[in-house]
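**Student:** okay, predicted coordinates and the sequence, questions at the end:
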Amino acid sequence: MPIDPREKKTAGSHSKNAKLTEKDAQAILDARPHDHFDFRKDGQLVRDLAEQYGVSPTTVTRIWRRKEWTHLERSDRSDD
């Protein structure tokens, strides 16, 4: 049976393949230190978060770059 492209994808922790909870993904997003991600400066933090939450560093960077968990917003926004 072909997949209907109009069907909505299941987002976030509602996906059957989700390894993170909403709360975990929010914590990863909020841990982003600044608006411009630079792996040279932030690489160790990415690896630490990935290990802490049991996901790959790629998943952490995709959350930070708004490629995954896009329905979440940073809760620690400040006007620097």
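**Tutor:** Cool, the structure landed. Residues are numbered from 1 along each chain as shown.

**Student:** mind listing what's buried in the helix or strand bottoming out on mean pLDDT in the chain?
**Tutor:** Sorted by mean pLDDT, DSSP states H and E, the helices and strands of the chain end with helix 39-53, the least confident at a mean of 92. Residues 42, 45, 46, 49, 50, 53 are the ones in helix 39-53 that count as buried (16 or more other CB atoms under 10 Å). Glycine gets a C-beta too; all of them are placed from N, C-alpha and C.

**Student:** and those, which is closest to residue 26?
**Tutor:** Taking CB to CB as the measure, residue 26 sits nearest to residue 53 out of those, at 11.3 Å.

**Student:** for the closest one, which non-adjacent residue is spatially closest?
**Tutor:** Beyond its immediate neighbours in the sequence, the residue positioned closest to residue 53 (CB to CB, 6 or more residues apart in numbering) is residue 24, lying 5.3 Å away.

**Student:** now that neighbour: how far from residue 50?
**Tutor:** Distance check for residue 24 against residue 50: by CB to CB, to the nearest Å, it reads 11 Å.

**Student:** restricting to C-alpha, output stretch 67-76 in CSV.
**Tutor:** What follows is the C-alpha trace of stretch 67-76 in CSV, where atoms were taken according to Å, rounded to 0.1, in the frame of the first residue of the first chain:
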residue,chain,number,x,y,z
LYS,A,67,16.0,19.7,12.2
GLU,A,68,14.4,17.4,14.8
TRP,A,69,11.9,18.2,17.5
THR,A,70,11.0,21.3,15.6
HIS,A,71,7.8,21.8,17.6
LEU,A,72,9.8,22.7,20.7
GLU,A,73,11.0,26.2,21.5
ARG,A,74,13.8,27.2,23.7
SER,A,75,12.5,28.1,27.2
ASP,A,76,15.6,30.0,28.3
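
**Student:** roughly how far out does it sit from the chain middle?
**Tutor:** A distance of 7 Å separates the centroid of the chain from that of stretch 67-76, by CA atoms, centre = their mean, to the nearest Å.
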